[in-house]
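Q: Here you go, sequence then predicted model.
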Amino acid sequence: MKLLVAVKRVIDYNVKVRVKADETGVETANVKMSMNPFDEIAVEEAVRLLEDGTATEVVAVSLGVQQCQETIRTALAMGADRGIHVKTDEELQPLAVAKLLAKIVEKETPDIVILGKQAIDDDSNQTGQMLAGLLGWSQGTFASKVYLADGKANVTREVDGGLETLAINLPAIVTTDLRLNEPRYASLPNIMKAKKKEITEITPDELGVDVAPRLTTLKVTEPPKREGGIKVETVSDLIDKLKNEAGVI
Ligand code: AMP
């Protein structure tokens, strides 16, 4: 069984994101970048399936600028076998990523593609679903448990008020939720080994995909600053303020 894992390079989750002065986006110059946390969970899941003998190969794919190769190297150091870098300096929106991944899937014919449920930079939560739509494949999104048996993937999903378990046919798309696993740190020897693993480079043109953005960002702004709180003397003061000032009751 072959697994493809999509790994996105995003602003590290510990960084306090700053909006650009001209409100066209957020500052990315000199900002620490890392693998999207949900994609670390996707790599971990794939590598565990490799280690228990369920999978035979794990391929990590990243799409974007040259430095995406660092993200692929991280996946290789965690245990993926090889990488594919779809190289472009263009802005990639989820539809373009899904179309590019669909082309890679045609070439690589994996049994399962594992993606994060969302990238923490755009919070789109679209790519996996669009990829499943383009390929006509089953999808198990927001997976908190994946169990493969009898040619199916049993995917437990966190839904409002509980858990839902689906049995989906392969080939399939799985997107990871936070509780699926705890990703490992790559060990130094594995980081060294990863340097020798193969990364193939390809461009959107070579894949025949038009990546022109379909959405325009009008502006990006900071959330309003929080105003200081006040103390009230009595419960009736509180109720009065909630009713007449905040208008919430
Ligand atoms: P999104 O739909 O943008 O929230 O992203 C969902 C998931 O799609 C991410 O967690 C990644 O697994 C994958 N993905 C999105 N964009 C990229 C990219 N540029 N390179 C690799 N994977 C991506």
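A: Yes, it's here. Numbers count the residues shown, from 1 in each chain.
Q: got the residues of this structure near the ligand?
A: Within reach of the ligand by CB under 6 Å from any ligand atom, the chain has these residues: 6-8, 36, 38-39, 62-64, 92, 94, 97, 115-116, 118-119, 122, 124-128. All C-beta atoms are positioned from the backbone trio N, CA, C, and that covers glycine.
Q: ok, the residue nearest to Thr200 when sequence neighbours are not counted - how many residues close by?
A: In this structure, Thr200 finds its nearest non-sequential neighbour in Ile84, 5.1 Å apart by CB to CB, 6 or more residues apart in numbering. Using other CB atoms under 10 Å, Ile84 is surrounded by 21 other residues.
Q: before we move on, back to that, now a PyMOL select for only the buried ones of the residues of the chain next to the ligand.
A: Here is the PyMOL command that selects the buried residues among the residues of the chain next to the ligand (16 or more other CB atoms under 10 Å):
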select buried, resi 6+7+8+36+38+39+62+63+64+92+94+97+115+116+118+119+122+125+126+127+128
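Q: so who does the closest residue to the ligand within the chain touch?
A: Nearest to the ligand, among the residues of the chain, is Gly116, at 2.3 Å (CB to the nearest ligand atom). For Gly116, the contact set (CB atoms under 8 Å, 6 or more residues apart in numbering) comprises 6, 8, 36-39, 41-42, 128, 175-176.
Q: hmm, which two among those residues are most spread apart?
A: Of all pairs drawn from the contacts of Gly116, the greatest distance, 15.3 Å, lies between Pro37 and Gly128 (CB to CB).
Q: State the distance from Ser236 to Leu242.
A: Ser236 is 11 Å from Leu242, where distance means CB to CB, to the nearest Å.
Q: one step back: kindly reformat the contacts of Gly116 as a markdown table containing pLDDT and secondary structure.
A: Listed next are the contacts of Gly116 as a markdown table, based on pLDDT from 0 to 100; DSSP: H, G, I helix; E, B strand; the rest coil:
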| residue | pLDDT | secondary structure |
| --- | --- | --- |
| Ala6 | 98 | strand |
| Lys8 | 98 | coil |
| Asn36 | 98 | coil |
| Pro37 | 98 | helix |
| Phe38 | 98 | helix |
| Asp39 | 98 | helix |
| Ile41 | 98 | helix |
| Ala42 | 98 | helix |
| Gly128 | 98 | helix |
| Thr175 | 98 | strand |
| Thr176 | 98 | strand |
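Q: Neighbouring strands of the helix or strand containing Ala153 in the sheet, and parallel or not?
A: Using DSSP states H and E, Ala153 sits within strand 152-159. Note on strand 152-159: by DSSP bridges, its sheet partners are strand 138-149 (antiparallel), strand 162-169 (antiparallel).
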